[in-house]
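Asker: What would the 3D arrangement of this be:
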Amino acid sequence: LSVTAGLLVFLGTVTQAPERFLWDAGTYWRGSVSLAHGSDPYVVGALSLRGVLTSLLYFPAALADRGFGDSSGGVAVLVENSLLISLVGVLLLPWLLRAWVPVTSWMVWVCAGLTWLVLGRSAPYPLTDLWAAALMLAAVVVLRRRSAMALMGAGLLAGIAFNVRPAYLLPLLLALAVVVLHRRFAGLWFAAGVFVALVPQSIMNLTHGAGWKPWPSGMMALTQLQSYNASYFVRYDTAAYGPARIPQQFFCSPAMAQAVGDQPPDSTGALVVLYLHHLPQSLVFLAEKAAAALHWPLSFPYFAPAGAGDQLFALLVTTVAVVGVASLVHAGSTLGFRSTSTAVWVALVVWLGSLATIITPSPETRFAMPLVLFGIAGCAALAGRRLSKRWVAGVVIAVAVVFAIGAAGLSHPAAPGSASPSTCAIT
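Answerer: Residues are numbered from 1 along each chain as shown. As a prediction, this is how the structure comes out:
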């Protein structure tokens, strides 16, 4: 069953046309190509801002590019990502779902179909978001086993996910706390796995004069920039593959831009203080950021407006994320507090941490990848179940509310290019 479903997902995804690599995708690709040619990827791969392991993700595709010529790079990335998407849909998500319910053949088909439908368009681009989300969810899957090696393996996977996407720092810390509290001394094996995963980053930093820190040397500077933008931007998109010549597209919150004035926060702590000082309008702003991150356009992971098609796809993604998490929460509540496994508790904090990484920076749609993957698994859990009318009505209302909040958050787009608090205030 898994082989058949995986083959169909792979064929449905790999038949797309390859794309050229710009901006973030181009940077990741240049790092992998540099590594494939035996060079140091630190400069061309911008590894002062990205984890050292990012250059390994598309190393196989870069080897194919080196062997068969430059024109083969796009095809190789498409093939590699199509394989990843099929494995996520037919293996990873059903394995994840086993932490809540027994998995049936219908659930596997739902996971496979929704993964292809929602994530298939991202296959032509060498980005890291799906890799990082898949690694973090794989850590949750491995935590279903209780051995020391399983705990260390889960920590290794979670640490690699953080290195691939440093925005996973909060989900990683929350997962570490839950494992240590739930497994006590045995949870230190999880911490050991995280430590091993971060050793290559420390070595890279030391060899380039950036100290021993286990994260990219420019991570804190990037966090400051994100905190600045996060105070008044609902969402940021890259329009590099659309009709616009200027790739930056910001969506503003005029109310928060007016509140910020000419003194935006320069740290996460200052951002939290700003949110607390401007209650309750900051709560509306945070809700708009979280909901707008689920408004994926048909051109996902990039921005190229397609009218009604974008709205339908955004409704699909929002429905998957909202219905899925409601389903998992309902399934978890039937397990009972004491019988809830470590894997389920870690899944909960990873979901919450991923939500926090949307509302604290200036998010892109790609930031919502973990929420969507959990949503796909949760939707599959509904296959073959009888649902009460009250539950269905509640979920329908929740989807409508979240979709409407997201649409409201995107109702104030700035002109293409950079935008300041003063320009956002009058948008």
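
Asker: Tell me how many other residues surround E19.
Answerer: Using other C-beta atoms under 10 Å, the number of residues around E19 comes to 16. (C-beta placed from N, C-alpha, C; glycine too.)

Asker: surely it meets G74?
Answerer: Yes: between E19 and G74 there is a contact under C-beta atoms under 8 Å: 6.3 Å.

Asker: By mean pLDDT, point me to the weakest helix or strand of the protein.
Answerer: The weakest-scoring helix or strand in the chain, judged by mean pLDDT, DSSP states H and E, is helix 219-230 (a mean of 76).

Asker: strands paired with the next helix or strand after it, and their directions?
Answerer: Sequence-wise, the next helix or strand downstream of helix 219-230 (DSSP states H and E) is strand 233-238. In the sheet, strand 233-238 lines up against strand 248-252 (antiparallel) (DSSP bridges).

Asker: got the contact list for the spatially closest residue to I426 that is not a sequence neighbour?
Answerer: Using C-beta to C-beta, 6 or more residues apart in numbering and skipping the chain neighbours, the partner closest in space to I426 is P254 (7.1 Å). P254 makes contacts with 412, 424-427, as judged by C-beta atoms under 8 Å, 6 or more residues apart in numbering.

Asker: same deal with W296?
Answerer: 118, 313-314, 317, 365, 368.

Asker: could you measure the nearest residue in space to it that is not next to it in sequence against P416, distance?
Answerer: Leaving out its chain neighbours, the residue that sits closest to W296 by C-beta to C-beta, 6+ apart is V317, at 4.6 Å. The gap separating V317 from P416 is 24 Å, by C-beta to C-beta, to the nearest Å.

Asker: higher neighbour count, those two?
Answerer: Applying other C-beta under 10 Å to V317 and P416 shows that V317 carries more neighbours, namely 27 against 17.

Asker: any idea which helix or strand carries that one?
Answerer: helix 308-335.

Asker: Provide the backbone phi and psi angles at A99.
Answerer: phi -70, psi -20 (degrees, to the nearest 10).

Asker: what residues are up against it?
Answerer: 140-141, 144, 341, 343-344, 347.

Asker: switch the cut-off to 10 Å
Answerer: 140-141, 143-144, 328, 331-332, 335, 340-347, 377 (C-beta atoms under 10 Å, 6 or more residues apart in numbering).

Asker: Now which of these would you call buried?
Answerer: 140-141, 143-144, 328, 331-332, 340-347, 377 (16 or more other C-beta atoms under 10 Å).

Asker: Enumerate every residue touching the most centrally placed residue in the chain.
Answerer: The residue lying closest to the centre of the chain (C-alpha atoms, centre = their mean) is M369, at 3.3 Å. M369 sits next to 118-119, 122, 127-134, 136, 165, 293, 296, 301, 354 when contact means C-beta under 10 Å, 6+ apart.

Asker: In helices, which of the residues you listed fall?
Answerer: 118-119, 129-134, 136, 354 (DSSP state H).

Asker: could you flag which of those residues are buried?
Answerer: 118-119, 129-134, 136, 354.

Asker: With distance to T15 and pLDDT added, can I get these in CSV?
Answerer: Below are these laid out as CSV (distance: C-beta to C-beta, whole Å; pLDDT from 0 to 100):
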residue, distance to T15, pLDDT
V118, 17, 95
L119, 15, 95
D129, 22, 93
L130, 18, 94
W131, 22, 95
A132, 26, 95
A133, 24, 95
A134, 22, 96
M136, 29, 96
S354, 31, 93
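
Asker: Widest-spaced pair of the residues you listed?
Answerer: Distance extremes for those: the farthest pair is V118 and M136 at 17.6 Å, using C-beta to C-beta.

Asker: what's near enough to touch C111?
Answerer: 2, 5, 9, 88-97, 103, 373, 376-377, 379-381, 383.

Asker: where does the closest residue to P124 other than its chain neighbours land on pLDDT?
Answerer: Residue nearest to P124 in three dimensions, not counting chain neighbours: E19, with 4.0 Å by C-beta to C-beta, 6+ apart. For E19, the pLDDT comes out at 83.

Asker: how much space between E19 and G26?
Answerer: 11 Å.

Asker: list residues touching both of these two?
Answerer: 125-126.

Asker: any idea which element R66 lies in?
Answerer: helix 59-68.

Asker: Can you give me the buried ones in that helix?
Answerer: 59-66.

Asker: May I have the distance across stretch 291-299, first residue to last?
Answerer: For stretch 291-299, the first-to-last residue distance is 18 Å (C-alpha to C-alpha, to the nearest Å).

Asker: Show me the helices in the stretch 301-427 of the chain, by range?
Answerer: Under the criterion DSSP state H, counting those that start in this stretch, the stretch 301-427 of the chain contains helices at 308-335, 342-359, 369-380, 389-409, 421-425.
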